[in-house]
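Peer 1: Pasting the sequence and the predicted coordinates here, then a few questions.
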Amino acid sequence: MNKSEGLDTKTLLFFFIPLGCSASLVTLSHIIINSTLVRADNSEFIIACYAIAMSLFGITERLGVLLRQTCSSLVRDTYSFKLMSRFTFYIIVSLTLVACAVAFTPVGDFIFATVYGANDRMVEYIKNIYQVLIFVTIFSALRCLNQGIIIYNRQTKWLTIGMGIRLAAMYLLSLLFIYTGHVTGKTGAIIFLVGMIIECLVSYIEGRSLVRKMPETHEEQIPSKRTIFKFYSPLMLSSVIIVMIGPAINVFLGKTADIELAIASYALALSVAQLFLSFFSYMHQIVINFYDDHESEVKKFSFIIGFIPFILLTLFCFTPFGSFFLEHVMGVGGRLLDASLQVLKLFILMALIFPFVDYFNGLLMIHKQTKVTIFSQSANLIMTLIVLVIAVKFASHWNGMIGALAQSMGILAELIVVSSIVHVKERGKMPFLRIKGLGRVGGNR
């Protein structure tokens, strides 16, 4: 397709829907895990421990996930893929060493006990969960490397296929644990690991098949791993900033009136909110792949679908379906059900904002301005911390709602910063820097 041919909605939907479905299935997989954990004895304690382990895991895992955007933006030939593969190896080794230090040394005790405020019983439980999550990080990074190739070649259906198989395996394993009555926090991590291994395998098979069809060299060939690092490092720094939000929220929820209820209700509500938001977490890929040649069509498409998660989550929260889903699908009951619904209502603001933040981040990627994300996501973190401090001091009885309010206000601050910077650029007042030896990403593939 070239620019003169135009871009119809059908083409965008065939590209975007498989990506959205795969992301939604990822969230659904976490709902499966949480639905398994609520059936355990002392479920609030177990879910709280699992949520803390996952919030720290998210820091290392996010750095692996960035390989997907980096690969889809930079790799154009087999030579580039070899460079990217070596770069991925270094990233995986580094992340594994850091994770092992947390899981097997007193560093983990300090983080979970001092930073998160967990008691001795929780710390030991959390570390056992985190030890399994180390392996999830490895397979997640390998998966994202190959998914970058799949997305660049517009074979996005394979992301949905891989996630579908992963989901089925996780659900069956979940039923097995429930049937045998062996449900602990570590059970959730094992279910997660098995699913990630399966998805990684599917992505690897399809990714390698596509790499063999790529040319040896390309006009946009990256010259060295240094070029990759220049693109990746700002994303890495901004991700370290943004993934601190989850741990920060859990730390402050540990200072609320009812710690276990606060963390558990926030974790459950967030997993449901992400089910609606995750479908739209690939808006940046629409921008990367189509914006250069079809600017007006991409803007119109993004604007229309950007409001969908807000509408869906609003209906979920204010109709009987929300209570029905939490109680009969996820198995949530009692005061945890009521608390989770209250938390979800505060996530509606985030549902309105999130797709447009991802859209603007896509614009930054095609212009190689990933450094901007450091400022926008710093604004997110700062605003989140401000709201957390004020809310915990003056409204600690809000429990999990404090986390949802802080996260929603944080992402609003991020939208204001990133949209303002992009607006200034598009008016020609701020020249965009380029990575030496590499043209713009985007346009016809």
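Peer 2: That came through fine.
Peer 1: And the helices in the stretch 101-250 of the chain?
Peer 2: Along the stretch 101-250 of the chain, counting by DSSP state H, counting those that start in this stretch, helices occupy 106-110, 120-152, 157-180, 185-211, 225-243, 245-253.
Peer 1: can you count the residues close to S22?
Peer 2: 26 (other Cβ atoms under 10 Å). Where C-beta positions appear, they are placed from N, C-alpha and C, glycine not excepted.
Peer 1: Test my guess that it contacts G162.
Peer 2: Yes. Under the criterion of Cβ atoms under 8 Å, S22 makes contact with G162 at 7.1 Å.
Peer 1: ok so, going back, with mean pLDDT and distance to V38 as extra columns, can I get the helices of the stretch 101-250 of the chain in JSON lines?
Peer 2: As requested, the helices of the stretch 101-250 of the chain are exported to JSON lines (pLDDT from 0 to 100; distance: least, Cβ to Cβ, whole Å):
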{"stretch": "helix 106-110", "mean pLDDT": "89", "distance to V38": "26"}
{"stretch": "helix 120-152", "mean pLDDT": "91", "distance to V38": "16"}
{"stretch": "helix 157-180", "mean pLDDT": "90", "distance to V38": "10"}
{"stretch": "helix 185-211", "mean pLDDT": "92", "distance to V38": "11"}
{"stretch": "helix 225-243", "mean pLDDT": "80", "distance to V38": "25"}
{"stretch": "helix 245-253", "mean pLDDT": "85", "distance to V38": "18"}
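Peer 1: As TSV, those helices with mean neighbour count and distance to V75 would be great.
Peer 2: Formatted as TSV, the helices of the stretch 101-250 of the chain follow (neighbours: other Cβ atoms under 10 Å; distance: least, Cβ to Cβ, whole Å):
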stretch	mean neighbour count	distance to V75
helix 106-110	14	35
helix 120-152	22	6
helix 157-180	18	16
helix 185-211	21	9
helix 225-243	19	9
helix 245-253	23	29
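Peer 1: Next, format those as JSON lines and append distance to E260.
Peer 2: Below are those laid out as JSON lines (distance: least, Cβ to Cβ, whole Å):
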{"stretch": "helix 106-110", "distance to E260": "20"}
{"stretch": "helix 120-152", "distance to E260": "9"}
{"stretch": "helix 157-180", "distance to E260": "22"}
{"stretch": "helix 185-211", "distance to E260": "13"}
{"stretch": "helix 225-243", "distance to E260": "23"}
{"stretch": "helix 245-253", "distance to E260": "10"}
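Peer 1: Of those, which is nearest N34?
Peer 2: Comparing the helices of the stretch 101-250 of the chain by their distance to N34 (Cβ to Cβ), the top pick is helix 185-211, with 7.7 Å.
Peer 1: Show me what the closest one is packed against.
Peer 2: On a contact count with 3 or more Cβ pairs under 8 Å, 6 or more residues apart in numbering; DSSP states H and E, helix 185-211 meets helix 9-37, helix 43-74, helix 120-152, helix 157-180.
Peer 1: Dump those to JSON lines, plus distance to D293.
Peer 2: Shown next, in JSON lines, are those (distance: least, Cβ to Cβ, whole Å):
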{"stretch": "helix 9-37", "distance to D293": "12"}
{"stretch": "helix 43-74", "distance to D293": "16"}
{"stretch": "helix 120-152", "distance to D293": "15"}
{"stretch": "helix 157-180", "distance to D293": "22"}
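Peer 1: Out of these, which gets nearest to M244?
Peer 2: helix 43-74 (7.2 Å).
Peer 1: Helix 185-211 and the closest one, what's the angle between them?
Peer 2: Interaxial angle, helix 43-74 versus helix 185-211 (axes from the mean of the first three to the mean of the last three Cα atoms, to 10 degrees): 10 degrees.
Peer 1: quick revisit: and of the helices and strands packed on helix 185-211, who's closest to I304?
Peer 2: helix 9-37 (9.1 Å).
Peer 1: how close does the residue nearest the centre of the chain get to I411?
Peer 2: Centroid-nearest residue in the chain, with Cα atoms, centre = their mean: R62, separated by 6.9 Å. Per Cβ to Cβ, to the nearest Å, R62 is found 16 Å from I411.
Peer 1: do K186 as well
Peer 2: Between K186 and I411 the computed distance is 32 Å (Cβ to Cβ).
Peer 1: Likewise for A339?
Peer 2: For A339, the distance to I411 equals 22 Å [Cβ to Cβ].
Peer 1: And for G185?
Peer 2: On the measure of Cβ to Cβ, G185 and I411 end up 28 Å apart.
Peer 1: same deal with L56?
Peer 2: Counting by Cβ to Cβ, the separation of L56 from I411 is 21 Å.
Peer 1: again, but for S24
Peer 2: 19 Å.
Peer 1: More neighbours: which of the two?
Peer 2: Looking at S24 and I411 with other Cβ under 10 Å, you find the greater number of neighbours at I411, namely 26 against 20.
Peer 1: Return the residues in contact with F231.
Peer 2: By Cβ atoms under 8 Å, 6 or more residues apart in numbering, the contact list for F231 reads T70, S73, L74, K368, T370, I435.
Peer 1: Nearest to Y204, out of those: which one, please.
Peer 2: Using Cβ to Cβ, T70 is the member of the contacts of F231 that lies nearest Y204, at 17.3 Å.
Peer 1: Excluding covalently adjacent residues, which one is nearest to the closest one?
Peer 2: Y232 (5.0 Å; Cβ to Cβ, 6 or more residues apart in numbering).
Peer 1: Verify the stated contact: the one you found with R68.
Peer 2: No. Using Cβ under 8 Å, Y232 is not in contact with R68, being 11.2 Å away.
Peer 1: Report the set of residues contacting both of these two.
Peer 2: By Cβ under 8 Å, 6+ apart, no residue touches both Y232 and R68.
Peer 1: quick revisit: contacting residues around the residue nearest to the centre of the chain?
Peer 2: R62 neighbours (Cβ under 8 Å, 6+ apart): S239, I242, V243.
Peer 1: mind running it again at 10 Å?
Peer 2: R62 makes contacts with L95, T137, S140, L235, M236, S239, V240, I242, V243, G246, as judged by Cβ atoms under 10 Å, 6 or more residues apart in numbering.
Peer 1: number of nearby residues for the closest residue to P215 other than its chain neighbours?
Peer 2: Closest residue to P215 apart from its sequence neighbours, by Cβ to Cβ, 6+ apart: D77 at 5.0 Å. A count of nearby residues for D77, using other Cβ under 10 Å, gives 18.
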